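# Predicted model, plus sequence, below.
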Amino acid sequence: MLKDLFQKKRKYATIPSERADRAQQSEEGERPKREIPEGLMSKCSKCGTIQFTKELEKNLKVCTGCGHHMRLNALERIQMTLDEGRLFEYDADMISQDPLQFPGYESKLKQQREKSGLREAVVTGEGTIGGFPVVVAVMSFDFFSGSMGSVVGEKITRAIETAMLKKYPLIIFSTSGGARMQESILSLMQMAKTSAALAKFHEQGGLYISVITDPTTGGVSASFAMLGDIILAEPGALFGFAGRIVIEQTIRQKLPDNFQTAEFNLKHGQLDMVVHRKDLQATLAKLLDLHTVKGDVSNGG
């Protein structure tokens with residue numbers, strides 16, 4: 001009928017009561033499935049609070065119940081941090097190969113690209129924050145756990161060199177499970193390569209701000225993530241080299257509950273500041289302003 005065409009659809013599906021469930025189960029012989037649209041709700045992995053996904057996204061993916069900072073992918077981070085979410089991307093066509101013929105590596109790379117919508121575990125480019133031009137490298141944990149292979153190291157090194165050439169401040173957002181084992185020594189070499197590039201950048205007075213996000217471990221934490229002139233971290237971000245279990249088994253001691261969190265590292269002098277996600281863009285803009293000489297954005301002290 002014509003009226004059916006204009007009938008309002010329910011915005012949210014209702015959840016049948018337990019009594020209705022039992023009645024329907026007795027009639028059909030099995031428990032009915034609840035009609036909840038996929039992706040409508042999100043559950044905090046820390047406190048279990050269930051929230052509308054759209055509301056969570058409006059809150060920058062920070063749990064309204066406990067303040068837990070959920071992980072962002074590179075594109076979400078860029079959208080939240082750069083002015084108008086605009087990035088002029090570098091080396092967008094650079095993808096990993098399989099130099100060591102590691103079994104299954106090529107197929108896994110393809111799966112990771114399809115799953116994440118990214119071509120690699122880092123996105124690099126330039127944009128502005130608070131009107132200040134910057135070169136950024138943004139890692140994404142949802143591509144191969146943010147592992148650093150040859151392409152990740154090369155893209156970050158090129159970003160550092162471009163910042164040096166243009167005399168722009170450099171900001172790297174780190175999140176990683178460490179070196180990519182499928183590339184073996186070629187992956188480990190990226191630690192030295194990125195560190196050497198940063199040493200040259202520092203010699204020329206470049207400003208490098210490192211932002212630690214959850215989690216940042218392994219070879220990334222032992223190289224460029226810890227070499228910032230200023231090192232920031234999001235609340236609760238896990239940051240360290242080896243994992244808790246490995247360390248406890250090695251030293252045969254029980255570690256504190258908050259071990260390797262951003263707050264623990266701040267207390268022990270490994271960080272300069274822990275910054276809530278909603279304040280991060282403004283904090284970066286203020287730091288860029290404080291370290292900028294009029295007409296020159298390269299002064300990193």
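The structure has been received and is ready for your questions.
# Sticking with the nearest residue to Lys166 once chain neighbours are set aside, tell me its helix or strand.
Using Cβ to Cβ, 6 or more residues apart in numbering and skipping residues adjacent in sequence, the residue nearest Lys166 is Val135, 7.1 Å away. C-beta: built from backbone N, CA, C; applies to glycine. Using DSSP states H and E, Val135 falls within strand 132-139.
# Local confidence estimate at the residue nearest to Lys166?
Note for Val135: predicted pLDDT of 98.
# just Asp257 next, same as before
Value for Asp257, per-residue pLDDT: 89.
# Check the gap between it and Met189 for me.
For Asp257, the distance to Met189 (Cβ to Cβ, to the nearest Å) stands at 36 Å.
# For stretch 42-55, which outside residues touch it?
Applying Cβ atoms under 8 Å, 6 or more residues apart in numbering, the external contacts of stretch 42-55 come out as 39-41, 56, 63-66, 68, 70, 236.
# list the buried ones in it?
Residues of stretch 42-55 classed as buried by neighbour count (16 or more other Cβ atoms under 10 Å): 42, 44, 51.
# Next step: those residues restricted to strands.
Among the buried residues of stretch 42-55, the members found in strands (DSSP state E) are 42, 51.
# what residues are up against Arg158?
When contacts are counted by Cβ under 8 Å, 6+ apart, Arg158 touches 90-91, 124.
# which of those tops the neighbour count?
Within the contacts of Arg158, neighbour counts (other Cβ atoms under 10 Å) peak at Thr124, which reaches 28 neighbours.
# and the longest helix anywhere in the chain, what does it pack onto?
In the chain, with assignment by DSSP state H, the single longest helix is helix 184-203. When contacts are defined as 3 or more Cβ pairs under 8 Å, 6 or more residues apart in numbering; DSSP states H and E, helix 184-203 sits against helix 150-166, strand 208-216, helix 218-221.
# avg pLDDT for it?
Mean predicted lDDT for helix 184-203 stands at 97.
# And that helix, what's buried?
Burial within helix 184-203, assessed by neighbour count using 16+ other Cβ under 10 Å, is assigned to 187-188, 190-191, 193-194, 197-198, 201-202.
# and those residues as JSON lines, adding distance to Gln112?
Converted to JSON lines, these look like this (distance: Cβ to Cβ, whole Å):
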{"residue": "Ser187", "distance to Gln112": "15"}
{"residue": "Leu188", "distance to Gln112": "20"}
{"residue": "Gln190", "distance to Gln112": "18"}
{"residue": "Met191", "distance to Gln112": "21"}
{"residue": "Lys193", "distance to Gln112": "22"}
{"residue": "Thr194", "distance to Gln112": "21"}
{"residue": "Ala197", "distance to Gln112": "25"}
{"residue": "Leu198", "distance to Gln112": "27"}
{"residue": "Phe201", "distance to Gln112": "29"}
{"residue": "His202", "distance to Gln112": "33"}
